[in-house]
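Participant: only geometry, no sequence info:
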């Protein structure tokens, strides 16, 4: 069987998406999910709630692609225009699909509700449409062909959309466009180097074989490095991966997509260690990320700039003698100086540090300081020097 890589485009709909009033998380998730299944999205397009533009886009984009995945506009309200646009683009009529009308009536009956008449619209589909089931909502998806392009129409609600994609659309794609090799994607995250300096060293010292691509994604203070290739290049990619990790080992935070807070949480549980977090300036960000990662935190507190940190720490040490205490305090925003304190059952480590990098908005600087706190915990639990090699962080004392 010939393996064909289809041209796949995502077409997102809705004024709120087009105008940036909501983030298009569905398109981002879909691009990554299809990549994991061996399919590459070649382009993405967003169209507002305009019937003529939707119709023209379906006609034009169906001539340029093998697969279109359209998201949104299948609801019961007047601005839900996708089914009507699909009918006009294909030259078909909208007809009532009794089987979906019955599904919706049953959906409401199970909830002891009468179905509003406006929902009938969701059972009006182009004549050639093949229904895609939606077991958790009233907006069915559907599939049809326009200009020899397979088009999948999907609801905008993320939970409904993701289930429809994973359970129905991808299996259908796999039948029509079977994948021989799934792509490999290796990721690691570092902190403490600039993206340009990092890229220059990698490109100077490593040879990236043909078929393997390397990419960078920077979100201060971290940089993600990603290697991608087809599965048949795995042995070559594994060798390059080992070389890359050796090159960045002094700044490496974690591999994969675990996340720094999740790694710290795992290490705390492995060491059967509890944690206390005391913060000034970072507004609880250090604790929040660790709570979200289910870290064994027994106490966390955000102190105002005029509160006595030392007395608070003394009381907490007496109350929790075996816990690790991380305190980030005495922050001087003008000079960038701050204190980072790690109290273990046996030692009290105090560092006077200075952030000497580019100045950012307060929320980004809070994220930077929080990452330093998380990394200090990671380093302690791994038996590493407590302060990492960060070009933007000076150890004063």
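Facilitator: All right, it came through fine. Computed from a predicted structure; not experimentally measured.
Participant: quick one, strands of the stretch 201-350 of the chain?
Facilitator: Ranges of strands in the stretch 201-350 of the chain, per DSSP state E, counting those that start in this stretch, are 213-219, 222-230, 252-255, 275-279, 297-302, 324-332, 337-343, 348-355.
Participant: and residue 174, which of these is closest to it?
Facilitator: With C-beta to C-beta as the measure, strand 222-230 is the member of the strands of the stretch 201-350 of the chain nearest residue 174 (16.8 Å). Every residue, glycine included, has its C-beta placed from N, CA and C.
Participant: can you mark which positions in stretch 368-383 are buried?
Facilitator: By 16 or more other C-beta atoms under 10 Å, the buried positions in stretch 368-383 come out as 368-381.
Participant: how far does it sit from the chain's center?
Facilitator: 22 Å (C-alpha atoms, centre = their mean, to the nearest Å).
Participant: stretch 28-40 now?
Facilitator: So, by C-alpha atoms, centre = their mean, the centroid of stretch 28-40 is 12 Å from its chain's centroid.
Participant: ok, residues contacting that stretch?
Facilitator: Contacts to stretch 28-40, defined as C-beta atoms under 8 Å, 6 or more residues apart in numbering, come from residues 5-6, 8, 10, 41, 44, 69, 71, 158, 161-162, 165-166, 170, 173-174, 177, 179, 181-183, 185.
Participant: what subset of those residues is buried?
Facilitator: Listed as buried from those are 6, 8, 10, 41, 44, 69, 71, 161, 165, 170, 173, 177, 183, 185; burial here means 16+ other C-beta under 10 Å.
Participant: which residues of this protein score low on pLDDT?
Facilitator: For the chain, residues meeting the criterion pLDDT under 70 lie at 1-4.
Participant: run the angle between the helix or strand residue 188 falls within and strand 222-230 for me.
Facilitator: For residue 188, the element it lies in under DSSP states H and E is strand 183-191. Relative orientation of strand 183-191 and strand 222-230, computed by axes from the mean of the first three to the mean of the last three C-alpha atoms, to 10 degrees: 160 degrees.
Participant: quick one: buried residues of strand 183-191?
Facilitator: 183, 184, 185, 186, 187, 188, 189, 190, 191.
Participant: okay, angle between the longest helix along the chain and strand 337-343 too, please.
Facilitator: Criterion DSSP state H: the longest helix present in the chain is helix 362-382. Relative orientation of helix 362-382 versus strand 337-343 (the same axes, to 10 degrees): 30 degrees.
Participant: for helix 362-382, packing partners?
Facilitator: helix 260-270, strand 275-279, helix 285-292, strand 324-332, strand 337-343, strand 348-355 (3 or more C-beta pairs under 8 Å, 6 or more residues apart in numbering; DSSP states H and E).
Participant: make it 7 Å
Facilitator: Packing partners of helix 362-382 (3 or more C-beta pairs under 7 Å, 6 or more residues apart in numbering; DSSP states H and E): helix 260-270, helix 285-292, strand 324-332, strand 337-343.
Participant: let me have these in TSV, extended by distance to residue 93 and mean neighbour count.
Facilitator: Compiled in TSV, these are given as follows (distance: least, C-beta to C-beta, whole Å; neighbours: other C-beta atoms under 10 Å):
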stretch	distance to residue 93	mean neighbour count
helix 260-270	52	19
helix 285-292	50	21
strand 324-332	65	21
strand 337-343	68	20
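Participant: between these, which gets nearest to residue 199?
Facilitator: helix 260-270 (21.6 Å).
Participant: which strands or helices does the closest one pack on?
Facilitator: The contact analysis (3+ C-beta pairs under 7 Å, 6+ apart) places helix 260-270 against strand 252-255, helix 285-292, helix 362-382.
Participant: now do the helix or strand following the longest one: distance to the chain's middle.
Facilitator: The first helix or strand that comes after helix 362-382 along the chain, using DSSP H and E, is strand 393-395. Between the mean C-alpha location of strand 393-395 and the chain-wide mean there is a distance of 31 Å, by C-alpha atoms, centre = their mean.
Participant: which residues touch residue 244?
Facilitator: 206, 225 (C-beta atoms under 7 Å, 6 or more residues apart in numbering).
Participant: for it, give its distance to residue 78.
Facilitator: 53 Å (C-beta to C-beta, to the nearest Å).
Participant: same thing with residue 87?
Facilitator: The value you get for residue 87 to residue 78, if C-beta to C-beta is used, is 16 Å.
Participant: go on, residue 181?
Facilitator: From residue 181 across to residue 78, the span is 46 Å (C-beta to C-beta).
Participant: same question, residue 119
Facilitator: For residue 119 relative to residue 78 (C-beta to C-beta), the value is 13 Å.
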